[in-house]
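Q: Predicted structure and sequence below. I'll ask about it afterward.
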Amino acid sequence: MALTLAFLSTGCATNRPRVDTWRNPQYSPTAADKIALTDRPNPRPQDATLGRLLVAELQRKGFALVPSEQADYLLTYAVSVSYNEEPRHVSTSVVSAPSQAAGENAAMPPAWNSSVPPAVDVNPVIHRSRDLRLYLYTNPKTHSGNFQMVWQGDIAAELTASPERDSILVRTLLGYFGKDQNSRVDLAP
C-alpha cells in the first residue's frame with residue numbers, strides 16, 4: 001500500500017522587509033555630510049507623505065539637512081508598487097506502509113520512496129509590494145561636473161501603509177545609508 005503526500009510551498013511569508021541598496025565606491029556618504037532634500041513640485045499624496053516622514057527621520061537620526069545651495073548631496077525619494085514573482089513548489093513523496101500480512105513489524109516507520117521527484121514547479125505566486133526608494137546624488141552646485149549617483153536604497157514591504165509603519169520603514173532603510181545591502185532585514189526599533 002502506498003500513500004502519496006503533497007506539500008504546497010509558496011516561499012517564506014515574513015514581516016522582514018527586503019532592503020536593496022547600492023553605493024558608488026567613489027563616494028562614502030554619511031549622516032554628517034550636508035544633504036538637501038530635493039523639491040518635488042506637485043507631488044503625489046504618497047510621495048508628499050513620504051517626504052514629510054523622511055525629513056522627520058533624517059532630523060531624528062542627526063543628518064545635516066541644509067538648503068540645496070550649501071549641500072554636498074541631493075536626496076530624492078519616491079513610492080512605487082512592484083510586482084515580484086515567487087516560485088511555488090509542490091513537494092511529493094510516496095510512503096510505503098508496512099504490510100501486516102507479510103509479517104513486518106507494525107511499529108517500524110514507513111519507508112520513503114525516493115523514486116518520486118521531490119518538488120514540482122507549479123504556477124508562481126505574484127506578490128505586490130510598496131517600495132520606498134531613496135536616491136542620493138552629488139550636487140553640481142558644490143561638486144564639479146554633472147549629477148553623479150552616489151547611493152540608492154529601496155525597501156520593499158506589504159501594500160498596506162500607515163504613517164507609523166512608513167516611519168519604521170524609512171528608519172530601517174536609513175540604517176543602511178551609504179552602504180551596500182541586499183537581503184531581508186529586521187525592522188528598526
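A: Ah, there it is. Quick caveat, the model's predicted, so the values are computed rather than measured. Numbering: from 1, shown residues only.

Q: what's the pLDDT at the residue nearest to residue 28 when sequence neighbours are not counted?
A: Spatial nearest neighbour of residue 28, excluding adjacent residues (C-beta to C-beta, 6 or more residues apart in numbering): residue 178 at 6.3 Å. Just so you know, the C-beta spots here come from the backbone N, C-alpha and C atoms, and that holds for glycine as well. As predicted, residue 178 sits at a pLDDT of 94.

Q: do residue 136 as well
A: For residue 136, pLDDT reads 96.

Q: does it sit in a helix, a strand or a coil?
A: strand (DSSP: H, G, I helix; E, B strand; the rest coil).

Q: How about residue 74?
A: Looking at residue 74 with three-state DSSP, the answer is strand.

Q: cool, and residue 129?
A: Residue 129 ends up strand, using three-state DSSP.

Q: And residue 34, how far from residue 136?
A: Residue 34 is 12 Å from residue 136, where distance means C-beta to C-beta, to the nearest Å.

Q: Between these two, point out the one with more neighbours.
A: residue 136 (23 against 16; other C-beta atoms under 10 Å).

Q: That one is in contact with residue 151, isn't it?
A: Yes: between residue 136 and residue 151 there is a contact under C-beta atoms under 8 Å: 4.3 Å.

Q: which residues are common contacts for the two?
A: residue 29 (C-beta atoms under 8 Å, 6 or more residues apart in numbering).
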